[in-house]
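Student: show me how the following folds:
(one chain, ligands or ions: 2)
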Amino acid sequence: MTFDLFDALPADPDTPPATEPLGPGAVVLRGFARDVDTRLLAAVDHLSAQAPFRHLITPGGLRMSVAMTNCGEAGWVSDRTGYRYDPADPDSGAPWPPMPEVFRALAERAAASAGYPGFAPDACLINRYLPGTRLSLHQDRDELDLRAPIVSVSLGLPSTFLWGGLRRADKPARIRLAHGDVVVWGGPSRLVFHGIAPLADDDHALTGRTRINLTFRKTR
Ligand code: MD3
Ligand code: FE
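Tutor: Residues are numbered from 1 along each chain as shown. Ligands and ions are numbered 1, 2, ... in the order given. Below is the predicted model:
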(Lines give C-alpha, C1' and ligand atoms only; values in the text may rest on other atoms or scores of the structure.)
(Ligands and ions follow the chains in the order given, each with its own letter.)
Protein backbone atom coordinates (compact mmCIF):
# COMPACT_ATOMS: atom_id res chain seq x y z
CA MET A 1 0.00 0.00 0.00
CA THR A 2 1.29 3.47 -0.85
CA PHE A 3 0.60 6.64 1.01
CA ASP A 4 0.46 9.86 -0.97
CA LEU A 5 1.26 12.92 1.10
CA PHE A 6 -1.34 14.95 -0.81
CA ASP A 7 -4.11 12.63 0.36
CA ALA A 8 -3.58 13.97 3.85
CA LEU A 9 -3.94 17.63 2.92
CA PRO A 10 -7.28 19.27 3.68
CA ALA A 11 -9.12 21.01 0.84
CA ASP A 12 -8.03 24.63 0.42
CA PRO A 13 -10.89 26.67 1.90
CA ASP A 14 -10.11 29.55 -0.49
CA THR A 15 -10.52 27.39 -3.59
CA PRO A 16 -14.20 26.69 -4.28
CA PRO A 17 -14.91 23.33 -5.88
CA ALA A 18 -14.93 23.44 -9.67
CA THR A 19 -18.36 21.85 -9.75
CA GLU A 20 -21.03 22.27 -7.12
CA PRO A 21 -24.06 19.94 -7.19
CA LEU A 22 -27.26 21.97 -7.13
CA GLY A 23 -29.69 19.08 -7.03
CA PRO A 24 -30.25 15.71 -8.70
CA GLY A 25 -28.59 15.97 -12.14
CA ALA A 26 -28.02 19.74 -11.87
CA VAL A 27 -24.51 21.12 -11.51
CA VAL A 28 -23.53 24.77 -11.13
CA LEU A 29 -20.18 25.96 -12.42
CA ARG A 30 -19.78 29.35 -10.76
CA GLY A 31 -18.00 31.86 -13.00
CA PHE A 32 -17.20 29.19 -15.60
CA ALA A 33 -17.91 31.52 -18.55
CA ARG A 34 -16.02 34.54 -17.23
CA ASP A 35 -12.89 33.92 -19.25
CA VAL A 36 -14.87 34.25 -22.50
CA ASP A 37 -17.52 36.78 -21.38
CA THR A 38 -16.57 39.61 -23.73
CA ARG A 39 -16.33 37.20 -26.67
CA LEU A 40 -19.77 35.78 -25.88
CA LEU A 41 -21.31 39.24 -25.61
CA ALA A 42 -19.69 40.42 -28.85
CA ALA A 43 -21.12 37.34 -30.55
CA VAL A 44 -24.60 38.11 -29.13
CA ASP A 45 -24.37 41.62 -30.62
CA HIS A 46 -23.32 40.19 -33.96
CA LEU A 47 -26.05 37.51 -33.99
CA SER A 48 -28.80 39.87 -32.92
CA ALA A 49 -27.93 42.22 -35.78
CA GLN A 50 -28.83 39.32 -38.14
CA ALA A 51 -31.73 37.82 -36.16
CA PRO A 52 -33.05 40.62 -33.91
CA PHE A 53 -34.40 40.05 -30.41
CA ARG A 54 -38.20 39.88 -30.45
CA HIS A 55 -41.06 39.30 -28.03
CA LEU A 56 -42.76 36.05 -29.00
CA ILE A 57 -46.47 35.46 -28.58
CA THR A 58 -47.56 32.44 -26.54
CA PRO A 59 -50.18 30.03 -27.90
CA GLY A 60 -52.55 31.73 -25.42
CA GLY A 61 -51.96 35.11 -27.11
CA LEU A 62 -49.72 36.72 -24.47
CA ARG A 63 -46.60 38.69 -25.41
CA MET A 64 -43.58 37.29 -23.55
CA SER A 65 -41.70 39.85 -21.48
CA VAL A 66 -38.37 38.15 -22.34
CA ALA A 67 -36.97 39.09 -25.75
CA MET A 68 -35.53 36.12 -27.65
CA THR A 69 -33.41 35.16 -30.59
CA ASN A 70 -31.55 31.99 -31.60
CA CYS A 71 -28.52 30.61 -33.35
CA GLY A 72 -27.65 27.15 -34.59
CA GLU A 73 -29.45 24.66 -36.80
CA ALA A 74 -32.81 25.28 -35.13
CA GLY A 75 -34.38 27.99 -33.03
CA TRP A 76 -37.12 27.87 -30.43
CA VAL A 77 -40.19 29.85 -31.44
CA SER A 78 -43.71 30.35 -30.16
CA ASP A 79 -46.78 31.72 -31.87
CA ARG A 80 -50.55 31.24 -31.76
CA THR A 81 -50.13 27.74 -33.24
CA GLY A 82 -47.80 26.48 -30.51
CA TYR A 83 -44.13 26.03 -29.65
CA ARG A 84 -41.57 24.45 -31.99
CA TYR A 85 -37.95 24.34 -33.08
CA ASP A 86 -37.77 25.98 -36.50
CA PRO A 87 -34.74 25.82 -38.83
CA ALA A 88 -35.62 29.31 -40.07
CA ASP A 89 -36.31 32.62 -38.38
CA PRO A 90 -40.05 33.17 -39.03
CA ASP A 91 -39.50 36.95 -39.09
CA SER A 92 -37.05 36.81 -42.03
CA GLY A 93 -37.49 33.33 -43.51
CA ALA A 94 -33.69 32.95 -43.34
CA PRO A 95 -31.85 30.21 -41.43
CA TRP A 96 -30.80 31.22 -37.92
CA PRO A 97 -27.19 32.47 -37.75
CA PRO A 98 -24.69 29.64 -37.21
CA MET A 99 -23.65 28.87 -33.66
CA PRO A 100 -20.38 30.70 -32.94
CA GLU A 101 -17.46 28.40 -32.13
CA VAL A 102 -16.92 30.17 -28.78
CA PHE A 103 -20.52 29.22 -27.83
CA ARG A 104 -20.20 25.60 -28.88
CA ALA A 105 -16.83 25.10 -27.22
CA LEU A 106 -18.01 26.58 -23.92
CA ALA A 107 -21.17 24.45 -23.85
CA GLU A 108 -19.22 21.29 -24.59
CA ARG A 109 -16.56 22.06 -21.98
CA ALA A 110 -19.23 22.83 -19.33
CA ALA A 111 -21.24 19.69 -20.06
CA ALA A 112 -18.09 17.56 -19.91
CA SER A 113 -17.14 19.03 -16.50
CA ALA A 114 -20.61 18.13 -15.26
CA GLY A 115 -20.36 14.53 -16.41
CA TYR A 116 -21.91 14.77 -19.89
CA PRO A 117 -19.03 14.20 -22.33
CA GLY A 118 -19.74 14.68 -26.03
CA PHE A 119 -22.60 17.18 -25.64
CA ALA A 120 -23.32 18.44 -29.15
CA PRO A 121 -25.95 21.21 -29.01
CA ASP A 122 -27.69 22.04 -32.28
CA ALA A 123 -29.58 25.08 -30.94
CA CYS A 124 -28.92 28.03 -28.68
CA LEU A 125 -31.80 30.15 -27.43
CA ILE A 126 -30.71 33.62 -26.36
CA ASN A 127 -32.91 35.40 -23.82
CA ARG A 128 -32.66 39.12 -23.03
CA TYR A 129 -33.98 40.52 -19.75
CA LEU A 130 -34.41 44.20 -18.88
CA PRO A 131 -35.45 45.42 -15.42
CA GLY A 132 -38.88 43.94 -14.63
CA THR A 133 -38.63 41.15 -17.21
CA ARG A 134 -39.67 37.75 -15.89
CA LEU A 135 -40.09 34.21 -17.14
CA SER A 136 -42.94 32.31 -15.57
CA LEU A 137 -42.67 28.70 -14.42
CA HIS A 138 -42.44 26.27 -17.33
CA GLN A 139 -40.88 23.00 -18.42
CA ASP A 140 -38.56 22.63 -21.42
CA ARG A 141 -39.92 19.58 -23.21
CA ASP A 142 -39.90 20.48 -26.90
CA GLU A 143 -36.56 18.68 -27.41
CA LEU A 144 -36.76 15.16 -28.85
CA ASP A 145 -33.95 13.62 -26.80
CA LEU A 146 -34.61 14.40 -23.15
CA ARG A 147 -31.52 12.41 -22.11
CA ALA A 148 -29.31 15.28 -23.32
CA PRO A 149 -28.78 18.03 -20.74
CA ILE A 150 -29.42 21.74 -21.20
CA VAL A 151 -26.49 24.06 -20.52
CA SER A 152 -27.34 27.60 -19.42
CA VAL A 153 -24.97 30.56 -19.31
CA SER A 154 -25.84 33.75 -17.39
CA LEU A 155 -24.31 37.09 -18.42
CA GLY A 156 -24.74 40.63 -17.13
CA LEU A 157 -27.16 41.50 -14.32
CA PRO A 158 -27.79 38.80 -11.70
CA SER A 159 -31.16 37.09 -11.46
CA THR A 160 -33.19 34.94 -9.12
CA PHE A 161 -33.75 31.55 -10.70
CA LEU A 162 -36.91 29.78 -9.56
CA TRP A 163 -36.36 26.07 -9.30
CA GLY A 164 -39.52 24.09 -8.76
CA GLY A 165 -40.26 20.41 -8.82
CA LEU A 166 -41.74 18.00 -11.32
CA ARG A 167 -45.24 19.37 -10.64
CA ARG A 168 -46.19 22.95 -11.44
CA ALA A 169 -47.59 23.39 -7.92
CA ASP A 170 -44.28 22.50 -6.21
CA LYS A 171 -42.99 25.56 -4.37
CA PRO A 172 -39.83 26.77 -6.14
CA ALA A 173 -36.46 27.30 -4.44
CA ARG A 174 -34.70 30.59 -5.27
CA ILE A 175 -31.14 30.46 -6.60
CA ARG A 176 -29.02 33.45 -7.53
CA LEU A 177 -27.41 33.24 -10.96
CA ALA A 178 -24.69 35.81 -11.57
CA HIS A 179 -22.49 36.90 -14.46
CA GLY A 180 -20.47 34.00 -15.81
CA ASP A 181 -22.37 31.25 -13.97
CA VAL A 182 -23.03 28.13 -16.01
CA VAL A 183 -25.56 25.49 -15.01
CA VAL A 184 -25.90 22.04 -16.52
CA TRP A 185 -29.39 20.53 -16.15
CA GLY A 186 -29.69 16.86 -16.85
CA GLY A 187 -31.00 13.60 -15.47
CA PRO A 188 -33.85 14.00 -12.97
CA SER A 189 -33.58 17.82 -13.16
CA ARG A 190 -34.21 17.97 -16.89
CA LEU A 191 -38.00 18.24 -16.58
CA VAL A 192 -38.35 20.43 -13.50
CA PHE A 193 -40.55 23.52 -13.61
CA HIS A 194 -38.39 26.65 -13.57
CA GLY A 195 -38.50 30.37 -14.21
CA ILE A 196 -36.88 33.74 -13.52
CA ALA A 197 -38.21 36.28 -10.99
CA PRO A 198 -38.69 39.87 -12.25
CA LEU A 199 -35.22 41.29 -12.93
CA ALA A 200 -34.04 43.90 -10.42
CA ASP A 201 -32.76 47.13 -11.89
CA ASP A 202 -29.00 47.64 -11.69
CA ASP A 203 -26.08 48.48 -13.91
CA HIS A 204 -23.54 45.93 -15.09
CA ALA A 205 -20.11 46.95 -16.38
CA LEU A 206 -20.41 44.81 -19.53
CA THR A 207 -24.15 44.79 -20.30
CA GLY A 208 -25.65 47.88 -18.62
CA ARG A 209 -29.25 47.33 -17.45
CA THR A 210 -29.48 43.92 -19.12
CA ARG A 211 -29.22 40.23 -18.39
CA ILE A 212 -28.48 37.77 -21.20
CA ASN A 213 -29.03 34.03 -20.86
CA LEU A 214 -27.83 31.44 -23.35
CA THR A 215 -29.37 27.96 -23.28
CA PHE A 216 -27.73 25.23 -25.32
CA ARG A 217 -29.98 22.41 -26.42
CA LYS A 218 -29.89 19.21 -28.40
CA THR A 219 -33.26 19.37 -30.11
CA ARG A 220 -33.14 16.23 -32.29
C1 MD3 B 1 -33.87 23.51 -15.88
N2 MD3 B 1 -34.23 30.22 -19.36
O3 MD3 B 1 -34.73 29.48 -21.86
S4 MD3 B 1 -31.79 29.31 -17.52
C5 MD3 B 1 -35.32 28.86 -20.97
O6 MD3 B 1 -32.46 32.42 -17.36
C7 MD3 B 1 -35.11 29.26 -19.56
O8 MD3 B 1 -33.35 32.67 -19.29
C9 MD3 B 1 -34.01 30.80 -18.05
O10 MD3 B 1 -35.72 28.71 -18.70
C11 MD3 B 1 -33.20 32.05 -18.25
O12 MD3 B 1 -36.06 27.89 -21.19
C13 MD3 B 1 -33.40 29.87 -17.09
C14 MD3 B 1 -31.74 27.83 -16.59
C15 MD3 B 1 -32.49 26.65 -17.14
C16 MD3 B 1 -32.73 26.53 -18.49
C17 MD3 B 1 -33.36 25.40 -18.98
C18 MD3 B 1 -33.74 24.39 -18.10
C19 MD3 B 1 -32.87 25.68 -16.29
C20 MD3 B 1 -33.50 24.53 -16.75
C21 MD3 B 1 -34.35 23.20 -18.56
C22 MD3 B 1 -34.69 22.20 -17.70
C23 MD3 B 1 -34.45 22.37 -16.35
FE1 FE C 1 -36.64 26.90 -19.55
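
Student: mind listing what the nearest residue to Tyr129 once chain neighbours are set aside touches?
Tutor: Nearest residue to Tyr129, sequence neighbours excluded (CB to CB, 6 or more residues apart in numbering): Arg211, at 4.1 Å. From N, CA and C alone the C-beta is placed, and that goes for glycine too. With contact taken as CB atoms under 8 Å, 6 or more residues apart in numbering, Arg211 is in contact with 128-129, 133, 154-159, 199, 204.

Student: okay, the residue nearest the centre of the chain and ligand 1: tell me how far apart.
Tutor: Closest residue to the average C-alpha location of the chain: Ser152 at 2.2 Å, with CA atoms, centre = their mean. Ser152 sits 4 Å away from ligand 1, going by CB to the nearest ligand atom, to the nearest Å.

Student: was I right to think that residue contacts Gly186?
Tutor: No. Taking contacts as CB atoms under 8 Å, Ser152 lies outside contact range of Gly186: 11.6 Å.

Student: who are the packing partners of the least confident helix or strand in the chain by mean pLDDT?
Tutor: Lowest mean confidence among the helices and strands of the chain (mean pLDDT, DSSP states H and E): strand 20-23, at a mean of 85. Strand 20-23 is packed against strand 26-29, with contacts defined by 3 or more CB pairs under 8 Å, 6 or more residues apart in numbering; DSSP states H and E.

Student: please name the residues that touch the closest residue to Pro188 other than its chain neighbours.
Tutor: Spatial nearest neighbour of Pro188, chain neighbours left out: Pro24 (4.1 Å); criterion: CB to CB, 6+ apart. The contact partners of Pro24, by CB under 8 Å, 6+ apart, come to 187-189.
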